[in-house]
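Undergrad: Sequence and predicted model, in that order:
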Amino acid sequence: MESRGLQPRRASLRVLKRVFEEGAFTNLVLGPELDREALVGPDRALATTLVQTTLRHRDFLRDLLLEASRSGRLPKEVEALLLLGASQLLLLDRVPDHAALDTSVRLAKDQGAGRYSGLVNGLLRTLQRQRQEALSRREAADAPLSWLGPAPAWLCQRWEGRLGEAQARALQQRLSEPAPIDIRLLDVDNLDRWAEELGADAIEGAPPRLRLSGGHPPSLPGFAQGAWIVQDRNAARVVSQLPRGGRRVLDVCAAPGGKTSHLAQIQPEAELHAVELHPHRAQLVQDTLERCGQRATVHCGDARELLPELGTFDRIVLDAPCTGLGTLRRHPEIGIRRKAKAPKQAQRLQKELLEVAVEALSPGGFLIYAVCSLEPEEGEQVIQSLLARHEELSLRPTADFAEGQGWLGLDGDGDGFFLALVEKRA
């Protein structure tokens with residue numbers, strides 16, 4: 001008879017293997033894999049914790065496993081399993097050692113890697129014996145910053161150079177914590193009511209936002225009725241930086257629809273358009289608007305081709321495709337996937353999208369450029385290049401940034417964003 005603890009670990013292992021081997025994103029594969037095992041309640045929560053903990057601390061766990069291995073390597077067939085077992089032994093106090101060890105060996109056999117079951121048992125028992133030493137090494141002042149959270153070594157080195165060692169360390173440690181679920185209220189006059197009904201905490205500042213204490217958002221009160229929308233606290237501040245006004249408003253790269261919904265909320269009289277490249281993501285935008293009782297014209301296609309056909313706009317929001325390195329707390333697998341050249345490589349598309357957006361901007365109009373990344377190549381360097389090419393453009397102060405550009409989330413509280421507000425001379 002199969003032990004009860006095997007199911008959540010088996011689901012977790014499948015998710016990790018898909019992330020490592022297929023390049024899958026956790027938020028897209030986790031739910032289906034948990035459903036496949038029919039996991040609910042504590043088992044579902046355990047599986048989620050196992051996946052996120054393993055991904056957030058992969059560098060630390062992998063380095064220790066490599067040290068413990070006589071060959072100095074980890075067989076690909078069981079690397080994900082070893083990381084999963086190590087995360088339970090070293091980082092999850094509530095998981096008994098015997099459960100972590102027993103289920104890891106069983107999973108090796110269950111996954112057709114029985115010939116490695118002895119290796120799995122031996123390496124994990126070595127980590128079990130070295131646990132206190134390993135955790136002490138991790139907390140030492142000279143420990144690699146990549147051991148403390150999801151940012152890889154190359155990114156930690158960049159942060160130390162830009163932010164200083166203390167702030168880089170604090171940021172990495174904050175990113176290692178579970179990501180909160182933030183919501184933005186559309187029913188803005190009833191903040192206290194929704195805070196009480198959802199058991200949520202209010203987030204200071206505008207727009208009205210709450211931090212959920214847990215739960216599955218679509219099943220919570222108010223979601224189906226469009227009283228609120230799931231949106232990171234900093235993502236919800238992007239549209240707030242845009243001066244109100246203008247007859248025609250555009251959201252470029254609009255999925256999943258949070259910013260489009262926000263534009264519809266604050267400028268209900270405007271003619272609102274949204275552009276999204278992929279059909280399934282364009283449908284997400286449409287679904288969000290319909291659930292919230294809002295309207296916009298959603299266009300599916302490449303913005304570089306579509307915008308010249310749509311005329312000019314008085315207000316534009318461009319949340320451009322980027323490395324996503326500002327979302328490591330929510331998507332730790334990005335730290336595994338992105339390499340040091342990624343921020344520079346992202347510039348080309350960002351600049352191309354900005355060019356067509358500027359062409360579509362009416363004289364006297366305003367454009368917000370945003371990326372969920374804290375890297376200069378994707379932020380201020382892109383804007384500097386834009387301003388150098390267009391003398392008719394200039395930065396303008398926003399509610400949060402007197403100089404017209406800046407970063408949100410440098411403390412790890414919410415996703416990391418760069419944003420800039422640009423005005424086109426009339």
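TA: Structure's in. What do you need? Numbers count the residues shown, from 1 in each chain.

Undergrad: What segments of the stretch 51-200 of the chain are helices?
TA: Taking DSSP state H, counting those that start in this stretch, the helices of the stretch 51-200 of the chain run over residues 58-68, 76-91, 97-110, 117-129, 131-139, 153-163, 165-175, 191-198.

Undergrad: and the closest residue to Val188 other than its chain neighbours, what does it touch?
TA: Nearest non-adjacent residue to Val188, counting by C-beta to C-beta, 6 or more residues apart in numbering: Pro208, 4.9 Å away. Every residue, glycine included, has its C-beta placed from N, CA and C. Pro208 sits next to Arg184, Leu185, Val188, Leu191, Ala202 when contact means C-beta atoms under 8 Å, 6 or more residues apart in numbering.

Undergrad: now with 10 Å?
TA: 183-191, 194-195, 202, 228, 236 (C-beta atoms under 10 Å, 6 or more residues apart in numbering).

Undergrad: could I get the helices of the stretch 51-200 of the chain as TSV with mean neighbour count?
TA: Shown next, in TSV, are these (neighbours: other C-beta atoms under 10 Å):
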stretch	mean neighbour count
helix 58-68	20
helix 76-91	23
helix 97-110	18
helix 117-129	17
helix 131-139	13
helix 153-163	17
helix 165-175	17
helix 191-198	15
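
Undergrad: Out of the ones you listed, which gets nearest to Gln381?
TA: helix 153-163 (12.8 Å; C-beta to C-beta).

Undergrad: name the helices or strands packed onto that closest one?
TA: If contacts are counted by 3 or more C-beta pairs under 10 Å, 6 or more residues apart in numbering; DSSP states H and E, helix 153-163 sits against helix 165-175, helix 334-337, helix 342-360.

Undergrad: on that earlier part again, so which of the helices of the stretch 51-200 of the chain comes closest to Glu378?
TA: Going by C-beta to C-beta, the one of those nearest Glu378 is helix 153-163, 12.3 Å.

Undergrad: so Leu325 touches Lys339, yeah?
TA: No. Using C-beta atoms under 10 Å, Leu325 makes no contact with Lys339, being 11.2 Å away.

Undergrad: which neighbours do these two share?
TA: With C-beta under 10 Å, 6+ apart, Leu325 and Lys339 have common neighbours Pro152, Leu155.

Undergrad: which one of those two has more residues nearby?
TA: Between Leu325 and Lys339, counted using other C-beta atoms under 10 Å, the more crowded position is Leu325 (25 against 11).

Undergrad: quick one: stretch 73-80 to chain centroid distance?
TA: 27 Å (C-alpha atoms, centre = their mean, to the nearest Å).

Undergrad: Repeat that for stretch 245-253.
TA: 25 Å.

Undergrad: swap in stretch 354-368?
TA: Worked out by C-alpha atoms, centre = their mean, stretch 354-368 lies 27 Å from the chain centre.

Undergrad: With only the CA atoms kept, save it in PDB.
TA: Coordinates of each C-alpha in stretch 354-368 appear next as PDB, following Å, rounded to 0.1, in the frame of the first residue of the first chain:
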ATOM      1  CA  LEU A 354       9.000  51.600 -27.600                       C
ATOM      2  CA  GLU A 355       9.600  53.000 -31.100                       C
ATOM      3  CA  VAL A 356       6.200  51.900 -32.400                       C
ATOM      4  CA  ALA A 357       4.600  53.100 -29.200                       C
ATOM      5  CA  VAL A 358       6.200  56.500 -29.500                       C
ATOM      6  CA  GLU A 359       5.000  56.800 -33.100                       C
ATOM      7  CA  ALA A 360       1.500  56.000 -31.900                       C
ATOM      8  CA  LEU A 361       1.600  58.600 -29.100                       C
ATOM      9  CA  SER A 362      -0.300  61.800 -29.800                       C
ATOM     10  CA  PRO A 363       1.600  65.200 -29.300                       C
ATOM     11  CA  GLY A 364       1.000  66.200 -25.800                       C
ATOM     12  CA  GLY A 365       0.400  62.600 -24.800                       C
ATOM     13  CA  PHE A 366       2.000  60.500 -22.000                       C
ATOM     14  CA  LEU A 367       3.600  57.000 -22.100                       C
ATOM     15  CA  ILE A 368       4.500  54.800 -19.300                       C
END
